[in-house]
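[1] need a structure here:
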Amino acid sequence: MANWNELPLEVLIKIFDFTVTPYWLSGETLKEYLVISKHWSLASRSSVYANVRLKMDHIDAFLKCMLKSNNSAFVKTIYWKYILNKDTLEANLGRLLAACPNIVDLGLGWTQPNESIFSKLLLLHFTSKNGLKLRSIPIRFEETENAVRTYGYLACALRKTLEHIKVYDWPKVEGEYVMNETANALVEFENLKSIRFHFKDHVKIFQVGSKIQNCPTIEQLNIYPNTPTFNMQARTTTMPMESFNVQPLPNIKVLCILDAKVFADSRLLEYVIHSFPKLRCLMVAENNPSPGRETAIPVDAMPYLQQRGQQVSVELWIKFFNYLNAMDSYSVSTMFIKDYLDVIAHFPTFCECLEIIYGRDEVVPIEPYISVFNSWADTQIIKDMHSEDISSRRTLIYLPPYQNRARVDFESIVGIFESTIKALHIEMEDNFGYDLQRRILCYALEQCPVLNTLWITNGKLSDFDSSPFVVNKSLGCLRFKECLIEDDYLYELSG
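    Modelled structure (predicted):
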């Protein structure tokens with residue numbers, strides 16, 4: 001059909017709804033559709049007005065216009081330009097929702113509004129003719145007891161429309177941390193896509209399955225303990241675990257347990273594998289991406305983590321790594337695996353980026369432990385220099401700083417991944433002599449034919465023996481950090 005004006009109006013509306021997005025087109029471009037013809041104006045206005053870009057100092061003029069316009073019903077989302085004045089927004093909240101009754105997103109995003117906004121929204125919901133249609137409410141606020149309670153009341157009131165909510169286990173009820181009423185009403189939420197559980201008592205991590213058992217629309221589950229657990233042994237030996245009669249939750253695609261000092265033991269691995277069989281992303285790591293989402297474990301908890309992790313069988317670790325290998329993204333930190341070489345030997349292509357760290361945790365004696373990541377990588381995280389992906393598949397192996405086994409450990413690990421390692425980071429230990437460090441380096445260059453990126457941290461590189469330095473034709477990036485290097489070494493290296 002040559003003339004778009006001859007298309008039925010309902011067809012043209014569908015075309016605009018499908019193709020017009022605020023992320024691609026400017027407001028000026030969108031407004032042009034309104035003046036092409038009456039037919040185009042009628043067809044495009046639902047898409048043009050759906051997402052409004054608004055400056056705070058224009059809010060009064062906007063509201064006066066919308067109160068007189070038939071287009072106000074099409075406004076769904078507000079995008080605030082520049083600085084958002086929280087007081088001005090709250091003062092005009094009633095007028096905004098009266099003028100645009102179908103708003104689903106107030107555009108607050110990560111803005112932290114005043115605590116009083118929740119009680120005001122709650123009042124507006126119950127006093128408006130048809131109630132509010134919000135799909136999201138602010139998720140950042142000062143978590144006072146009053147704010148948490150009011151947030152929960154508002155979430156329950158909007159249970160037919162909300163897509164994203166937070167659930168708390170505080171304020172305390174009769175002195176105990178108990179999940180609030182929102183958790184008990186989750187089955188009544190009709191459109192939930194994600195839940196963020198915020199727990200003072202982190203044992204609640206393993207009790208969420210029963211709460212979301214009958215919520216088939218949920219796809220993402222985030223769990224945040226509000227305080228770190230320092231006495232891990234005292235808190236975990238009696239940790240209540242949901243029984244496996246809870247049905248698997250195939251609708252959950254993303255599971256994030258963030259900033260939690262959680263041990264990777266048999267119960268946790270079996271629980272995750274059983275409960276979330278269709279997971280595409282798993283994070284058991286730090287919320288802060290630096291350094292590389294590695295979990296900061298209290299020193300006095302390390303021996304207990306080691307004990308629990310090393311009780312896991314090789315078969316279960318292999319099952320868990322197979323589970324991870326099928327995912328699009330994962331970050332799992334601080335796994336103590338007793339026979340770690342036997343486990344990783346089953347996955348010679350598991351990673352393209354390998355980091356071997358010696359002696360970082362010297363305060364208490366520890367055995368090797370492993371962290372694995374397939375996630376976004378910034379410039380501080382090693383990756384294949386030729387890769388255009390924004391993510392990096394990394395395996396970090398932490399080894400004790402024992403000179404008598406350092407070379408054997410290194411060669412055993414590199415020997416497993418040698419055919420696929422494209423990026424390697426070696427963090428040396430201060431007490432390693434020049435010869436030991438050189439032998440480790442030479443082995444890596446000899447045995448890794450596709451290695452293109454090599455980082456060395458805390459190295460002391462000098463005092464050559466009589467053997468020539470190994471040539472590696474694939475190596476394109478070599479970075480030294482906090483290293484002591486003699487000029488002769490750099491001369492030989494350049495050759």
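
[2] quick one: low-confidence parts of the stretch 301-450 of the chain?
    Low-confidence segments of the stretch 301-450 of the chain, defined by pLDDT under 70: 360-364.

[3] so which residues of it form strands?
    For the stretch 301-450 of the chain, strands defined by DSSP state E, counting those that start in this stretch occupy the ranges 329-335, 353-358, 369-376, 391-399, 423-427.

[4] repeat that for the stretch 1-150 of the chain.
    Listed in chain order, the strands of the stretch 1-150 of the chain (DSSP E, counting those that start in this stretch) span 51-55, 77-81.

[5] is it possible to get JSON lines of the ones you listed that adds mean pLDDT and distance to residue 285?
    C-beta coordinates here come from the backbone N, C-alpha and C atoms, glycine included. Shown next, in JSON lines, are the strands of the stretch 1-150 of the chain (pLDDT from 0 to 100; distance: least, CB to CB, whole Å):
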{"stretch": "strand 51-55", "mean pLDDT": "89", "distance to residue 285": "34"}
{"stretch": "strand 77-81", "mean pLDDT": "90", "distance to residue 285": "31"}
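
[6] dump those to CSV, plus distance to residue 457 and mean neighbour count.
    Putting those into CSV (distance: least, CB to CB, whole Å; neighbours: other CB atoms under 10 Å) gives the following:
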stretch, distance to residue 457, mean neighbour count
strand 51-55, 46, 18
strand 77-81, 43, 16
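
[7] out of the ones you listed, nearest to residue 371?
    strand 77-81 (38.1 Å; CB to CB).

[8] from the contact counts, what lies against the closest one?
    In terms of contacts (3 or more CB pairs under 8 Å, 6 or more residues apart in numbering; DSSP states H and E), strand 77-81 is packed against strand 51-55.

[9] quick one: the strand it packs on to strand 77-81, angle?
    Per axes from the mean of the first three to the mean of the last three CA atoms, to 10 degrees, the angle that strand 51-55 makes with strand 77-81 is 30 degrees.

[10] what residues does strand 51-55 touch?
    22, 27, 62, 75, 76, 77, 78, 79, 80, 81, 82 (CB atoms under 8 Å, 6 or more residues apart in numbering).

[11] now for those residues: which two are most distant?
    Pairwise distances across the contacts of strand 51-55 peak at 21.1 Å for 76 and 82 (criterion: CB to CB).

[12] more neighbours, those two?
    Using other CB atoms under 10 Å, the more surrounded residue of residue 76 and residue 82 is residue 76, with 17 against 9.

[13] how about the contacts made by that one?
    Counting by CB under 8 Å, 6+ apart, residue 76 touches 50, 51, 102, 103, 104, 105.

[14] closest one of those to residue 318?
    residue 105 (44.4 Å).

[15] tell me the one among the contacts of residue 76 nearest to residue 134.
    Checking those one by one against residue 134 (CB to CB), the nearest turns out to be residue 104, at 6.0 Å.

[16] now could you export just the CA positions of stretch 118-127 as PDB?
    Taking Å, rounded to 0.1, in the frame of the first residue of the first chain, the C-alpha atoms of stretch 118-127 are listed here in PDB:
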ATOM      1  CA  PHE A 118       4.700   6.800  50.600                       C
ATOM      2  CA  SER A 119       2.000   8.000  52.900                       C
ATOM      3  CA  LYS A 120       0.900  10.600  50.300                       C
ATOM      4  CA  LEU A 121       0.700   8.000  47.500                       C
ATOM      5  CA  LEU A 122      -1.200   5.700  49.800                       C
ATOM      6  CA  LEU A 123      -3.700   8.500  50.500                       C
ATOM      7  CA  LEU A 124      -4.000   9.400  46.800                       C
ATOM      8  CA  HIS A 125      -4.600   5.700  45.900                       C
ATOM      9  CA  PHE A 126      -7.600   5.300  48.300                       C
ATOM     10  CA  THR A 127      -9.100   8.700  47.600                       C
END
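
[17] can you pull the buried residues of it?
    Buried residues in stretch 118-127, defined by neighbour count with 16 or more other CB atoms under 10 Å: 118, 119, 120, 121, 122, 124, 125.

[18] show me what it is in contact with.
    The contact list for stretch 118-127 (CB under 8 Å, 6+ apart) reads 90, 93-94, 97, 131-132, 134, 137-138, 141, 147, 150-151, 153-154, 157-158.

[19] how about 10 Å then?
    Stretch 118-127 has contacts (CB atoms under 10 Å, 6 or more residues apart in numbering) with 90-91, 93-94, 96-98, 106, 113-114, 131-134, 137-138, 141, 146-158.

[20] any weak-confidence spans in the stretch 1-150 of the chain?
    1-5, 9, 12-13, 16-44.

[21] which residue ranges of it form helices?
    Ranges of helices in the stretch 1-150 of the chain, per DSSP state H, counting those that start in this stretch, are 9-19, 27-34, 38-48, 59-67, 86-91, 93-99, 117-127, 145-157.

[22] same for the last one, what does it pack against?
    For helix 145-157, the elements it packs on are helix 117-127, strand 164-168, helix 181-184, judged by 3 or more CB pairs under 10 Å, 6 or more residues apart in numbering; DSSP states H and E.

[23] how about a markdown table for these, with distance to residue 491 added?
    Shown next, in a markdown table, are the helices and strands packed on helix 145-157 (distance: least, CB to CB, whole Å):
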| stretch | distance to residue 491 |
| --- | --- |
| helix 117-127 | 66 |
| strand 164-168 | 59 |
| helix 181-184 | 66 |
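
[24] right, and these - which one's nearest residue 442?
    The nearest among these, by CB to CB, is strand 164-168 at 52.9 Å.

[25] ok and the closest one relative to helix 145-157, angle-wise?
    If you take the same axes, to 10 degrees, strand 164-168 sits at 130 degrees to helix 145-157.

[26] which elements pack onto strand 164-168?
    Packed next to strand 164-168, using 3+ CB pairs under 10 Å, 6+ apart, are helix 145-157, helix 181-184, strand 194-199, strand 220-225.

[27] what sits against residue 357?
    Applying CB under 10 Å, 6+ apart to residue 357 gives the contacts 294, 368-369, 371, 396-399, 401, 425-429, 457-458.

[28] which residues does it bridge with?
    The partner list for residue 357 in beta bridges (DSSP bridges) reads residue 398, residue 427.

[29] and residue 478, by the same measure?
    Where residue 478 sits in a bridge, its partners, by DSSP bridges, are residue 454.

[30] who's in contact with it?
    Residue 478 makes contact with 452, 453, 454, 455, 456, 472, 493, according to CB under 10 Å, 6+ apart.

[31] next, count neighbours for the second one.
    Neighbour count of residue 453, defined by other CB under 10 Å: 23.

[32] if I look at the residue lying closest to it once chain neighbours are set aside, how far off is residue 125?
    Leaving out its chain neighbours, the residue that sits closest to residue 453 by CB to CB, 6 or more residues apart in numbering is residue 423, at 3.9 Å. Distance of residue 423 to residue 125, given as CB to CB, to the nearest Å: 53 Å.
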